[in-house]
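**Q** sequence and predicted model, in that order:
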Amino acid sequence: MMEISGRKRLMLFSGSANEGLAREVANILGSDLGGVERGVFANGEIYIRYTESVRGADCFVVQSHTNPINFHLMEQLIMIDALKRASAKRVTAVVPFYPYARQDKKGRPREPITARLVGDLFVAAGADRIVAVDLHTGQIQGFVDSPFDHLTALPVFVDYLRQVVEPPITVVSPDTGRVKLASKYARHLDATPAFVHKRRQSDVRNVVSALEIVGDVEGRHCIVVDDMIDTAGTAVAAAELLMARGALSTRLVATHGVLSEPAVDRLKNAPIQEVIISNTLPVPDDALELDKLTVLSIGKLLAGAVNAIFTDASVSEIFEGENI
């Protein structure tokens with residue numbers, strides 16, 4: 001009879017989109033990023049090869065899905081596939097910004113549910129587990145049968161906001177879909193929640209008309225909270241309405257700084273004192289010139305989650321249940 005003492009090995013790999021975040025996570029864990037050889041064939045096909053053995057290892061593949069989003073999604077899928085074929089014991093897809101998250105339901109006839117398709121792709125590629133931060137909607141967790149850890153950047157933002165914002169504070173949801181999130185922030189900041197009633201044109205992407213504020217904002221410092229800033233149409237419309245209703249100041253908090261054009265120009269000219277995002281996505285070059293932009297790191301949160309998964313500990317305890 002041959003016996004081999006049990007041993008666990010954690011290996012962390014990064015896609016090409018946001019290697020700085022993955023390296024920060026590795027440093028916090030006291031580890032190094034695993035070696036990956038990348039290439040692109042003349043016709044655009046992606047090539048991946050790991051430069052060291054991954055057999056029997058607990059592997060984590062970190063990838064931020066930024067523009068070009070389809071390239072980075074395919075790159076992560078190929079990385080996962082390569083790990084499974086190299087006999088990795090378990091593969092976890094760490095997806096700080098879940099791609100296609102806004103396409104989580106059918107709003108009109110003959111539309112796809114692409115967020116579900118992406119989940120199927122991760123599982124088909126060989127992901128045993130998925131980790132994401134501040135999903136557009138929590139229902140995405142149910143799109144796959146594999147374990148899905150939904151993290152939140154709320155603790156990072158709350159710690160910062162306590163230092164820079166003085167009461168009285170109102171936390172504002174930019175639409176009815178974020179009221180629960182605004183209430184969570186309000187509870188931690190001893191603030192009052194409010195929300196913007198808005199109308200979005202169903203046949204035109206990224207066009208929003210803010211209509212009215214429901215809640216107390218006059219004479220108060222307002223914090224607009226959302227999961228992402230894409231073209232900033234929603235955020236700017238909300239800020240303009242808040243200031244018109246007598247708010248003392250307006251700050252914008254969003255986990256994912258997508259910042260597609262013309263977001264930077266809109267934010268520059270908007271009555272917003274500060275735009276606060278995390279580093280789930282790399283900051284576009286033009287946004288680095290935005291004086292009112294503050295970028296907070298979620299490296300410690302990701303590192304804590306990776307360590308908890310590796311040691312089979314509770315992930316939700318890290319967030320005191322706020323990651324549901």
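**A** Received it, and whenever you're ready, just let me know what you need.
**Q** and the gap between P282 and A125?
**A** 23 Å (C-beta to C-beta, to the nearest Å). Yep, even glycine has a C-beta here, placed from its N, CA and C like the rest.
**Q** wait, T231 touches D265, no?
**A** No - under the criterion of C-beta atoms under 8 Å, T231 is not in contact with D265, lying 10.1 Å apart.
**Q** neighbour count: these two, which is higher?
**A** Applying other C-beta atoms under 10 Å to T231 and D265 shows that T231 carries more neighbours, namely 19 against 12.
**Q** looking at this, the more buried one is in a strand?
**A** No - under DSSP: H, G, I helix; E, B strand; the rest coil, T231 falls outside any strand and is assigned coil.
**Q** check contacts around it.
**A** Shown in contact with T231 (C-beta atoms under 8 Å, 6 or more residues apart in numbering): N206, S260, E261, P262, A263, R266.
**Q** and what of A26?
**A** L12, D32, L33.
**Q** give me the buried entries from the residues you listed.
**A** L12, L33 (16 or more other C-beta atoms under 10 Å).
**Q** show me the strands in this structure, by range?
**A** According to DSSP state E, the chain carries its strands in the segments 10-14, 36-40, 46-50, 58-62, 90-95, 129-133, 148-151, 169-173, 192-200, 208-214, 221-229, 249-257, 274-278, 293-296.
**Q** of all the ones you listed, which one comes closest to L73?
**A** strand 90-95 (9.2 Å; C-beta to C-beta).
**Q** what count of nearby residues applies to R23?
**A** Residues lying near R23 (other C-beta under 10 Å) number 16.
**Q** S14 is in contact with that one, correct?
**A** Yes - applying C-beta under 8 Å as the test, R23 and S14 come out as touching, 7.0 Å apart.
**Q** so for these two, which residues contact both of them?
**A** Common neighbours of R23 and S14 (C-beta under 8 Å, 6+ apart) are L33.
**Q** circling back: among the contacts of T231, which are in helices?
**A** Counting by DSSP state H, the part of those found in helices is A263, R266.
**Q** tabulate the contacts of T231 (TSV), appending distance to V217.
**A** Formatted as TSV, the contacts of T231 follow (distance: C-beta to C-beta, whole Å):
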residue	distance to V217
N206	25
S260	28
E261	29
P262	26
A263	23
R266	21
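**Q** which ChimeraX command selects the buried ones in the contacts of T231?
**A** Applying 16+ other C-beta under 10 Å to the contacts of T231, the buried members can be selected in ChimeraX as follows:
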select :263,266
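**Q** can you add distance to T311 and pLDDT and give the contacts of T231 back as CSV?
**A** Shown next, in CSV, are these (distance: C-beta to C-beta, whole Å; pLDDT from 0 to 100):
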residue, distance to T311, pLDDT
N206, 42, 56
S260, 38, 94
E261, 43, 93
P262, 45, 94
A263, 39, 96
R266, 44, 96
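**Q** quick one: contacts of the helix ranked longest in the chain?
**A** Across the chain, the longest stretch assigned as helix under DSSP H is helix 69-85. Outside helix 69-85, the residues that touch it by C-beta under 8 Å, 6+ apart are 13, 15-17, 36, 38, 46, 48-50, 54, 59, 61, 63-66, 91, 93, 95, 99, 118, 121-122, 125-127.
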